[in-house]
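> Below: sequence and its predicted model.
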Amino acid sequence: MKTLTSLILLLSLGLISCSREPEPIVYGKDACEHCKMTIMDSKFGAEIVTSKGRIHKFDAIECMVDFLKDNPERINNSKDMHLAIDVAAPGNLINARNAFFLKDEAFKSPMGGNLAAFNSRQLAENNLQTADGEVLTWEELLKIK
């Protein structure tokens with residue numbers, strides 16, 4: 001009986017450690033995987049959850065994009081989750097592949113990329129504040145950054 005209980009406990013721990021769920025960013029504590037800065041602003045940030053459950057946190061979308069360019073095998077891996085903080089809902093991670101990114105000087109992201117993520121094109125367009133601002137899809141962002 002003791003062996004069975006131990007086996008169940010080990011299997012449970014194994015399932016927990018293989019979780020593929022996003023993990024909330026702990027602002028003021030978590031560090032950016034790319035630039036190593038402490039993640040501070042809840043309106044910005046990003047996260048990759050790999051197919052094996054490893055979590056990479058970033059203080060800005062531009063850090064995640066740079067990390068992906070440095071690790072090209074992660075860009076097209078459809079099993080990885082690419083997430084970005086929705087600037088309209090601080091702290092809320094959304095699927096970056098379906099998000100719209102506003103590149104506008106009015107949005108002072110932590111690394112100076114002036115990028116903000118929105119869960120709809122309409123919200124992104126409604127937040128354009130400068131004449132040279134632009135709304136980008138995930139694919140377009142990966143091409144220009």
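Ah, there it is.
> So what sits opposite the residue minimising distance to the centre of the chain in the bridge?
Nearest residue to the geometric centre of the chain (Cα atoms, centre = their mean): residue 46, 2.3 Å. For residue 46, the beta-bridge partners are residue 58, residue 84 (DSSP bridges).
> Would you mind confirming that residue 127 makes contact with residue 117?
No. Shown here, residue 127 and residue 117 do not form a contact pair, counting by Cβ atoms under 8 Å, at 10.9 Å. To be clear about C-beta, it is placed using only N, CA and C from the backbone, and glycine gets the same treatment.
> who has more neighbours, the two?
More crowded of residue 127 and residue 117, by other Cβ atoms under 10 Å: residue 117, with 30 against 17.
> My read is that that one contacts residue 96, right?
Yes. Counting by Cβ under 8 Å, residue 96 is a contact partner of residue 117 at 6.9 Å.
> ok, back up a step: overlap in contacts of residue 127 and residue 117?
Jointly contacting residue 127 and residue 117 under the rule Cβ atoms under 8 Å, 6 or more residues apart in numbering are 87, 102.
> still on that earlier bit, now do the shared contacts for residue 117 and residue 96.
46, 61, 84.
> what's the closest of the residues you listed to residue 103?
residue 61 (9.6 Å; Cβ to Cβ).
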